[in-house]
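Student: pasting the sequence and the predicted coordinates here, then a few questions.
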Amino acid sequence: MSAFASTTLLDQLELADALLVRRPRVSQPQDLPGRYGRVVKAVDHLLAALRCESVVGGGWAVWHHGFIGRVTQGIDIVLPSTRIAEFLQATAVSGFEILATRPGRWPKMLHKDSAIQVDILPEGATPGTVSRPAPTTIPHPSTMGAEGSALRYINLPSLIELKLGAGRARDESDVVELVRVNPDRLDAIRQHLAAVSVEYTRAFDQLVQRAREQGDD
């Protein structure tokens, strides 16, 4: 194992231990420990200056909603489509570096103080892959749990929606784990998905069945 891989693994283990101890007190993204909390506060500073709403998606939202084994290296945030250009302009004077991406890829930036990457999920963009695009686009943060000009975690039904839209094996596994730890929320999630896309409802039902089968093992 390389020195970089060893350091990364050690960081992940230390983070997992810190989160396990602090979990009851980590109700909002701002409560995350160490450098993750610092990058959240740096993003909050930008959001406040622009009076912009945003939610945290991705792995940290999966962790927040109960799959405590899910720890990730970066932070995913959803931004309104009309504010992305302005947000990226402000990053240059706020301790962030905009990372180069291939044409058509969603914006990414690096928080220089913490070395944590922040991926932007743009409202109106289509999740999925070129060969398997999602049937819907990313909603506005205000419909997914945003409150004021500070990062909030995406609500669970919307998180499931984005995971199903992404459609990767890892995202499907996340949904299975979220189903297993949130059995009392399944009806509400299904109602939300039914109002969005019949494809999502069908995929969700299949993953619920997979979760039940794994629970019987």
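Tutor: Looks like it arrived, so ask away.
Student: give the buried residues for the strand ranked longest in the chain.
Tutor: Longest strand of the chain, by residue count under DSSP state E: strand 116-122. Of all the residues in strand 116-122, those buried under the rule 16 or more other Cβ atoms under 10 Å are 116-122. Yep, even glycine has a C-beta here, placed from its N, CA and C like the rest.
Student: before we move on, what about stretch 185-201?
Tutor: For stretch 185-201, using 16+ other Cβ under 10 Å, the buried residues are 185-186, 189-190, 192-193, 196-197, 200-201.
Student: before we move on, back to that, with pLDDT and distance to residue 178 added, can I get the buried residues of strand 116-122 in a markdown table?
Tutor: What follows is the buried residues of strand 116-122, written out as a markdown table (pLDDT from 0 to 100; distance: Cβ to Cβ, whole Å):
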| residue | pLDDT | distance to residue 178 |
| --- | --- | --- |
| 116 | 95 | 23 |
| 117 | 96 | 23 |
| 118 | 97 | 23 |
| 119 | 97 | 20 |
| 120 | 98 | 23 |
| 121 | 98 | 18 |
| 122 | 98 | 24 |
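Student: right, and residue 150 touches residue 45 too?
Tutor: No. Applying Cβ atoms under 8 Å, one finds residue 150 not in contact with residue 45, separated by 9.9 Å.
Student: more neighbours: the two, which one.
Tutor: Under the criterion of other Cβ atoms under 10 Å, the comparison of residue 150 against residue 45 puts residue 150 first, with 18 against 15.
Student: dump the residue contacts of the closest residue to the more buried one other than its chain neighbours.
Tutor: Using Cβ to Cβ, 6 or more residues apart in numbering and skipping residues adjacent in sequence, the residue nearest residue 150 is residue 44, 5.0 Å away. If you count contacts by Cβ atoms under 8 Å, 6 or more residues apart in numbering, residue 44 has them with 30, 149-151.
Student: hang on, isn't residue 182 packed against residue 64?
Tutor: No. Counting by Cβ under 8 Å, residue 182 stays clear of residue 64, with 11.5 Å between them.
Student: what about these two, which has more around it?
Tutor: Using other Cβ under 10 Å as the criterion, residue 182 and residue 64 rank with residue 64 on top: 22 against 16.
Student: any idea how far the more buried one is from residue 137?
Tutor: Distance, residue 64 to residue 137, by Cβ to Cβ, to the nearest Å: 23 Å.
Student: again, but for residue 28
Tutor: 27 Å.
Student: just the helices in this structure please.
Tutor: 3-22, 34-50, 58-64, 84-91, 156-166, 169-181, 186-194, 198-215 (DSSP state H).
Student: out of those helices, nearest to residue 127?
Tutor: Among the helices of the chain, helix 156-166 comes nearest to residue 127, with 3.6 Å by Cβ to Cβ.
Student: what are the buried residues along the closest one?
Tutor: The neighbour-count check on helix 156-166 (16+ other Cβ under 10 Å) flags 156-166 as buried.
Student: test my guess that residue 38 contacts residue 113.
Tutor: Yes. The pair residue 38 / residue 113 is scored as a contact, 6.4 Å apart, by Cβ under 8 Å.
Student: these two - which one has more neighbours?
Tutor: Neighbours were counted for residue 38 and for residue 113 using other Cβ under 10 Å; residue 38 has more, 16 against 12.
Student: which residues touch that one?
Tutor: Residue 38 touches 111, 113-114, counting by Cβ under 8 Å, 6+ apart.
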